[in-house]
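Engineer: Provided below for reference: sequence and predicted model.
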Amino acid sequence: MSKRRVAILISGRGSNMESLIAAARASDFPAEIALVLSNRPDAPGLASAKAQGIATAAVDHKIHAGREAFEASMQKMLEAHRIDFICLAGFMRLLTASFVTHWAGRIINIHPAILPAFTGLHTHERALKEGVKLHGCTVHFVVPEMDAGPIIAQAAVSVLDGDTPETLGRRVLAQEHRIYPLALRLAASGVLRIEDGRVFGAGGAEAALASPAP
Ligand code: GRF
């Protein structure tokens, strides 16, 4: 089977992007990173991808008249690079229902919380405030509703007494870097099926991903 041609959409640092790029170097990985696209021309992740010889594109949302025009430019760029799968990795723009529907089943996102808890921003602060004892991250298929959609993989970390949003966020981020490549491997290899909003077919890997990390 030929490899899926993946675009990673970023807005900033790009550490999840790096973990996907690293994983995709394996010859048996079912996807290749064919494009890194950012809505911010100055995103550090964009420069890093370029330095690694990966095709990059900046589609600046600020110079577009609105969301539709911005997405039309992105879509053009994705088509020019023959992209057939999208990974959102710290992409800080909301996507319209029509864009998401066009890519349904071929667009995934990583969120720094155990969904459906803590959708939205500032998840680590909010987890500490609520006093939860487990926190973590989720990779899910994207649907029009924000931070929702069938869940592919999750990982949990314990919340420690002395945690700050920064220390907790660092441990969660380490798990993000672990599960995003695994989730992309599963999604790109075509073994997953979605039934009634649930993802099936991850097999043994699914259990491993769900186990609390030390
Ligand atoms: C990550 O925490 C990701 O879960 C969230 O935004 C952050 C992006 O970080 N969606 P990075 O750019 O991948 O380093």
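Structural biologist: In hand now; what should we look at?
Engineer: roughly how far apart are Asp163 and the ligand?
Structural biologist: Remark: distance between Asp163 and the ligand (CB to the nearest ligand atom, to the nearest Å) = 16 Å. The way it works is simple: take the backbone N, C-alpha and C, and place the C-beta from them, glycine included.
Engineer: host element of the closest residue to that residue other than its chain neighbours?
Structural biologist: Excluding the flanking residues, the one nearest Asp163 by CB to CB, 6 or more residues apart in numbering is Leu128, at 6.3 Å. Under the criterion of DSSP states H and E, Leu128 resides in helix 123-130.
Engineer: related to what we said a few turns ago, wait, the residue nearest to Asp163 sits on Val159?
Structural biologist: Yes - counting by CB atoms under 8 Å, Leu128 does reach Val159; the two are 7.0 Å apart.
Engineer: ranking helices and strands of the protein by mean pLDDT, which lands last?
Structural biologist: Lowest mean confidence among the helices and strands of the chain (mean pLDDT, DSSP states H and E): helix 203-210, at a mean of 56.
Engineer: just give me how far the helix holding Leu128 sits from the chain centre.
Structural biologist: Distance of helix 123-130 from the chain centroid (CA atoms, centre = their mean, to the nearest Å) equals 21 Å.
Engineer: next one: stretch 128-144
Structural biologist: For stretch 128-144, the distance to the chain centre is 13 Å (CA atoms, centre = their mean).
Engineer: could you do stretch 31-42 as well?
Structural biologist: 12 Å.
Engineer: could you do stretch 185-197 as well?
Structural biologist: 15 Å.
Engineer: if we can go back for a sec, any chance you could list what contacts the helix holding Leu128?
Structural biologist: Helix 123-130 has contacts (CB atoms under 8 Å, 6 or more residues apart in numbering) with 111-113, 117-118, 135, 159, 163-166, 168-169, 172.
Engineer: which of those residues count as buried?
Structural biologist: In the contacts of helix 123-130, burial by neighbour count holds for 111-113, 118, 135, 159, 163, 168-169, 172, counting by 16 or more other CB atoms under 10 Å.
Engineer: quick one: which of these sit in helices?
Structural biologist: 168-169, 172 (DSSP state H).
Engineer: let's have these in TSV, adding distance to Gly90.
Structural biologist: Output for those, formatted as TSV (distance: CB to CB, whole Å):
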residue	distance to Gly90
Leu168	17
Gly169	13
Val172	13
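Engineer: export these to a markdown table and append columns for distance to the ligand and pLDDT.
Structural biologist: Listed next are these as a markdown table, based on distance: CB to the nearest ligand atom, whole Å; pLDDT from 0 to 100:
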| residue | distance to the ligand | pLDDT |
| --- | --- | --- |
| Leu168 | 12 | 98 |
| Gly169 | 7 | 98 |
| Val172 | 7 | 98 |
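Engineer: check contacts around the residue in the chain positioned nearest to the ligand.
Structural biologist: Residue nearest to the ligand within the chain (CB to the nearest ligand atom): Gly90, separated by 2.6 Å. Gly90 makes contact with 10-17, 45, 110, according to CB under 8 Å, 6+ apart.
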